[in-house]
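**Student:** Have a look; sequence and predicted model below, questions after that.
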Amino acid sequence: MYANKEEDERVSFFNTSLLYLKDCAESTSALQKGQSVIYLHFNGSHRAMRGAAMSVITAVSGFVLLTVTVVLGQYGWGVTYTSTQVCAFKGATAEIRCTFRYPSTINGRNTRVVKKFWFITHKNNEPVDLKTDPEYSGRVQYQCENNDCTLRITDLRESDSAEYKFRFITNDPRGKYSGSPGVTLTVTGPQLQVHVRRSTVNSYSNWKELTCHNNCQLPDQSSYIWYRNGHKLSSDEQYLHLNTFDSADSFHCAVKGYEIFPSPTVYAPKLPSVSVSPSAEIVEGSSVTLTCSSDANPAASYTWYKEDVINPLIYQNQHFFFSILPSDSGKYYCTADNDLGQKRSESRTIDVKYAPKLPSVSVSPSAEIVEGSSVNLTCSSDANPAANYTWYKEDVINPLSYQNQHVFSSILPSDSGKYYCTADNDLGQNKSESRTIDVKWKSKIIIMNIIRLTLVVLILIPLLVLSLLTRRKKRILLKTEPNEPVEMTEVYSHPD
């Protein structure tokens, strides 16, 4: 029967009375691409066809809902759904219109339709005419002409939410047809949302456009009601334009006549709150999470900052420290913003605790240490909380003092040796490197000074004598006149 193998794989026959299309996503001549999976129950031959179509219209004071065509059937039998999912308001009117097709003859006999009806339930495996359902009494009408049939349901209730199918019966005993799946009707109140759009040209502009959006499309003549801070505004349009906006304002909308089904209120973020986890003492190396939260609609976007740091840290509601460092200590805050405004949180201080780092030792004075002088040893270490200090001398069991400074008011030669300190807090302890103190004796100092002075004198005396001789010679030369004959007296020495 089928020339296309792929088409064969999508069609099955059950006792020659049920044609089931397994996959219509890639249909050929039987169905158009993108149409829904359906089955048709039938008896009879497949010859000439008659056109058929189904559309769905829901009306609330003239409201017409958007629909999408869905074609069901093949080989002359079929219906067309304009949508498989529609919605309507409570108290409104829904109209589901169906046109159908079928072979003009079956086994050489002209085909005619003897019964048309809509159904949502079965009894003894047979569809039950909707008009006979007491829940729909007085609210259901069929408007059928030729190959057209419209189901009209008035005063819609939430219980009317169901899948509606059309069925027709021909004069052939085997010619009974149902289009399935049918049209799923959802009855509810208006499900409105306020969509916000802000200026994309000027980031500093307060211009806003609010749209009252409904999940069910409404016609252009629909009237809307806008509220600011609970007070009704004069605008009855779907769009509300705001040239100025106060971040404390809130807005919502409703469809006129359905004020009991307002949209959720939209508003700028409220003051964000900041939480720190864990809430106990924060220790170096631990994992810490900062969380920013704010009441806002639409939902807020978050940004984290650290005071005195220009650039943002992260653009999400949580900031993680997987192994926090002392340098991470500081004040943090977040901002929450949406299209209606922005709000900044209060700052939260993060104080990272850590054990003392390696202590450093300083000696004052830094020059040579002489017996009897005053000497200070100072121990310092970076720690949080602040460290407690203890001074030790090597080869001495007991501590010297329990403070960061150890003072020698008049140091002795016996104080010479190696000294070190420890710094500790509740998180740990650290020991400094040893520092050598060498105390000079006073007598040795005096002797050394005498020796030094003697050496200086011994060096200076020859220099002084040489200087005096040089000055005497210069004076003699200055007393002698130029060109004056000098009488030379020769002195002879005769031995006796």
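**Tutor:** Thanks, I have it.
**Student:** which ones are touching the residue nearest to Q193 when sequence neighbours are not counted?
**Tutor:** Computed as CB to CB, 6 or more residues apart in numbering, the closest residue to Q193 that is not its neighbour in sequence is H213, at 4.8 Å. Bear in mind the C-beta positions are built from the backbone N, C-alpha and C, glycine included. Applying CB atoms under 8 Å, 6 or more residues apart in numbering to H213 gives the contacts L192, Q193, V194, H195.
**Student:** From the residues you listed, keep the buried residues only.
**Tutor:** Neighbour-count burial (16 or more other CB atoms under 10 Å) is assigned, among the contacts of H213, to L192, Q193, V194.
**Student:** need those in TSV with pLDDT and distance to I153, can you?
**Tutor:** Listed next are those as TSV, based on pLDDT from 0 to 100; distance: CB to CB, whole Å:
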residue	pLDDT	distance to I153
L192	90	23
Q193	91	26
V194	93	30
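**Student:** out of those residues, which are inside helices?
**Tutor:** Of those, none are assigned to helices by DSSP state H.
**Student:** and which of these is nearest I260?
**Tutor:** Using CB to CB, L192 comes nearest to I260 of the buried ones among the contacts of H213, at 11.8 Å.
**Student:** Distance check, the closest one against A254.
**Tutor:** 7 Å (CB to CB, to the nearest Å).
**Student:** Find the residues that touch each one of the two.
**Tutor:** Joint contacts of L192 and A254 (CB under 8 Å, 6+ apart) are C212, F261, P262, S263.
**Student:** Just the buried ones from these?
**Tutor:** Buried among the shared contacts of L192 and A254 by 16+ other CB under 10 Å: C212, F261, P262, S263.
**Student:** Which two among these are spaced furthest apart?
**Tutor:** C212 and F261 (11.8 Å).
**Student:** Need the overlap of contacts for those two.
**Tutor:** In contact with both C212 and F261: L192, A254, V255, using CB under 8 Å, 6+ apart.
**Student:** quick one: low-confidence ranges for the stretch 101-250 of the chain?
**Tutor:** Low-confidence segments of the stretch 101-250 of the chain, defined by pLDDT under 70: 199-204, 217-221.
**Student:** Could you export the buried ones among the shared contacts of L192 and A254 to JSON lines, including columns for distance to E371 and secondary structure?
**Tutor:** Shown next, in JSON lines, are those (distance: CB to CB, whole Å; DSSP: H, G, I helix; E, B strand; the rest coil):
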{"residue": "C212", "distance to E371": "95", "secondary structure": "strand"}
{"residue": "F261", "distance to E371": "98", "secondary structure": "coil"}
{"residue": "P262", "distance to E371": "94", "secondary structure": "coil"}
{"residue": "S263", "distance to E371": "91", "secondary structure": "coil"}
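**Student:** from the residues you listed, which is closest to S323?
**Tutor:** S263 (46.1 Å).
**Student:** Without its sequence neighbours, what residue ends up closest to the closest one?
**Tutor:** Going by CB to CB, 6+ apart, S263 has L192 as its nearest residue, at 3.5 Å.
**Student:** Would you confirm that the one you found contacts E259?
**Tutor:** No. The pair L192 / E259 is not scored as a contact, 11.0 Å apart, by CB atoms under 8 Å.
**Student:** what residues are up against the spatially closest residue to G428 that is not a sequence neighbour?
**Tutor:** Of all residues not flanking G428 in the chain, A355 sits nearest, at 2.9 Å (CB to CB, 6+ apart). If you count contacts by CB under 8 Å, 6+ apart, A355 has them with E284, A383, N425, L427, G428, Q429, N430.
**Student:** how about a cut-off of 7 Å?
**Tutor:** By CB atoms under 7 Å, 6 or more residues apart in numbering, the contact set of A355 is A383, N425, L427, G428, N430.
**Student:** out of the residues you listed, which are inside helices?
**Tutor:** Short answer: those have none in helices (DSSP H).
**Student:** For those residues, which PyMOL command selects only the ones that are buried?
**Tutor:** With 16+ other CB under 10 Å as the burial test, the buried ones among the contacts of A355 are selected in PyMOL as follows:
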select buried, resi 383+425+427+430
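**Student:** Tabulate the contacts of A355 (TSV), appending pLDDT and distance to E158.
**Tutor:** Shown next, in TSV, are the contacts of A355 (pLDDT from 0 to 100; distance: CB to CB, whole Å):
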residue	pLDDT	distance to E158
A383	96	68
N425	95	67
L427	95	63
G428	96	67
N430	96	73
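**Student:** Out of the contacts of A355, which is nearest to L130?
**Tutor:** Distances from L130 to those, taken by CB to CB, are shortest for L427, at 77.7 Å.
**Student:** now the closest one: how far from T82?
**Tutor:** 73 Å.
**Student:** Repeat that for S180.
**Tutor:** S180 is 16 Å from T82, by CB to CB.
**Student:** ok, these two, which is more surrounded?
**Tutor:** T82 (21 against 17; other CB atoms under 10 Å).
**Student:** Quick check: phi and psi on that one?
**Tutor:** phi -80, psi -10 (degrees, to the nearest 10).
**Student:** What's the local residue count around the residue lying closest to V370 once chain neighbours are set aside?
**Tutor:** Leaving aside its sequence neighbours, V370 sits nearest to K440 (CB to CB, 6+ apart; 5.1 Å). Counted with other CB under 10 Å, the neighbours of K440 add up to 17.
**Student:** swap in H241?
**Tutor:** H241, neighbours per other CB under 10 Å, totals 11.
**Student:** now the one 3 residues further on
**Tutor:** T244 is flanked by 9 other residues according to other CB under 10 Å.
**Student:** same question, V465
**Tutor:** V465 has 10 nearby residues by other CB under 10 Å.
**Student:** Determine the three-state secondary structure at it.
**Tutor:** Following DSSP: H, G, I helix; E, B strand; the rest coil, V465 is assigned to helix.
**Student:** if I look at it, how far off is I459?
**Tutor:** 12 Å.
**Student:** With T291 instead?
**Tutor:** With CB to CB as the criterion, T291 and I459 are 81 Å apart.
**Student:** give the contact list for the closest residue to F261 other than its chain neighbours.
**Tutor:** Spatial nearest neighbour of F261, chain neighbours left out: G189 (3.5 Å); criterion: CB to CB, 6+ apart. Contacts here follow CB under 7 Å, 6+ apart; on that basis G189 touches F89, K90, Y258, F261.
**Student:** please redo it, this time with the cut-off set to 10 Å
**Tutor:** Neighbour list for G189: F89, K90, G91, E158, V255, Y258, I260, F261, P262 [criterion: CB atoms under 10 Å, 6 or more residues apart in numbering].
**Student:** Write the PyMOL selection for whichever of those are buried.
**Tutor:** The following PyMOL line selects those of the contacts of G189 that are buried, judged by 16+ other CB under 10 Å:
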select buried, resi 89+90+255+258+261+262
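**Student:** quick one: which of the contacts of G189 is nearest to P359?
**Tutor:** The closest of these, once distances to P359 are taken by CB to CB, is P262, at 68.2 Å.
**Student:** mind checking the backbone torsions on that closest one?
**Tutor:** Torsion angles, degrees, to the nearest 10, at P262: phi -70, psi 160.
**Student:** so who does H231 touch?
**Tutor:** So H231 contacts nothing (CB under 10 Å, 6+ apart).
**Student:** Please enumerate the helices of the stretch 301-450 of the chain.
**Tutor:** 442-479 (DSSP state H, counting those that start in this stretch).
**Student:** Return, as residue ranges, the portions of it with sub-threshold pLDDT.
**Tutor:** 443-448.
**Student:** Run a quick neighbour tally on C144.
**Tutor:** 14.
**Student:** and what of E281?
**Tutor:** Considering only other CB under 10 Å, E281 is surrounded by 12 other residues.
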